[in-house]
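Engineer: Make a model of this:
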Amino acid sequence: MEYLAHLLAARRRRIGTPRRSRALGPFRQAVLILRWFREAGCVHCLARDAGISQATGYRYLHEGIDVLAAHAPDLHETLARCRNEGMNHVILDGTLIPCDRVTGVTGNGNDLWYSGKAKRFAGNVQFIAAPDGSPLWVSDVEPGSVHDL
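Structural biologist: This is a model prediction of the structure:
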């Protein structure tokens, strides 16, 4: 909680946000974001609990996700760390995450986000985990029609 609040406060300083000009301070914004990750709750409910509008809740949520994503290691950094820590193997796997329909078509006219294998609209996410299963890296989401190789 404190780590994310610190990152949010640093971002606010970096972009020049005046003190006390936001509906939530960095700590309460971090609470909203981490509750969303932990509970997979509706943003409307989280915003209501925080005393802000749904639109502000979405804006704060996406700002927090962007701040966290900016501090995530890339694939090469992750693999170098694994090598330095002496891991003899890592686990590479992926999954299709169901999503609402998103626009876009492939070169042959098929829907870009439709996965023929899963027979649903989805995003393709790959990840690398340590031998004990701890997540180390997660790819950007690719459309469901993209092959995971």
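
Engineer: Now residue 52: closest residue in space, sequence neighbours ignored.
Structural biologist: residue 23 (4.8 Å; Cβ to Cβ, 6 or more residues apart in numbering). (Glycine included, C-beta is placed from N, CA and C.)

Engineer: Can you name the residues that contact the one you found?
Structural biologist: 50, 51, 52, 56 (Cβ atoms under 8 Å, 6 or more residues apart in numbering).

Engineer: out of those, which are inside helices?
Structural biologist: In helices, judged by DSSP state H, the following of those are found: 50, 56.

Engineer: Farthest-apart pair in the contacts of residue 23, please.
Structural biologist: Distance extremes for the contacts of residue 23: the farthest pair is 51 and 56 at 9.8 Å, using Cβ to Cβ.

Engineer: three-state assignment of residue 59?
Structural biologist: Taken by DSSP: H, G, I helix; E, B strand; the rest coil, the conformation at residue 59 corresponds to helix.

Engineer: Give me the neighbour count for it.
Structural biologist: Neighbourhood size, residue 59 [other Cβ atoms under 10 Å]: 14.

Engineer: do the same with residue 47
Structural biologist: Around residue 47 there are 22 residues (other Cβ under 10 Å).

Engineer: who's in contact with the closest residue in space to it that isn't next to it in sequence?
Structural biologist: Leaving aside its chain neighbours, residue 47 sits nearest to residue 57 (2.9 Å; criterion: Cβ to Cβ, 6+ apart). By Cβ under 8 Å, 6+ apart, the residues touching residue 57 are 32, 43, 44, 46, 47, 50.

Engineer: just so I have it, where are all the helices in the protein?
Structural biologist: 2-15, 26-39, 43-50, 54-70, 75-84.

Engineer: can you list those in TSV and add distance to residue 134?
Structural biologist: Formatted as TSV, the helices of the chain follow (distance: least, Cβ to Cβ, whole Å):
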stretch	distance to residue 134
helix 2-15	18
helix 26-39	17
helix 43-50	27
helix 54-70	17
helix 75-84	11
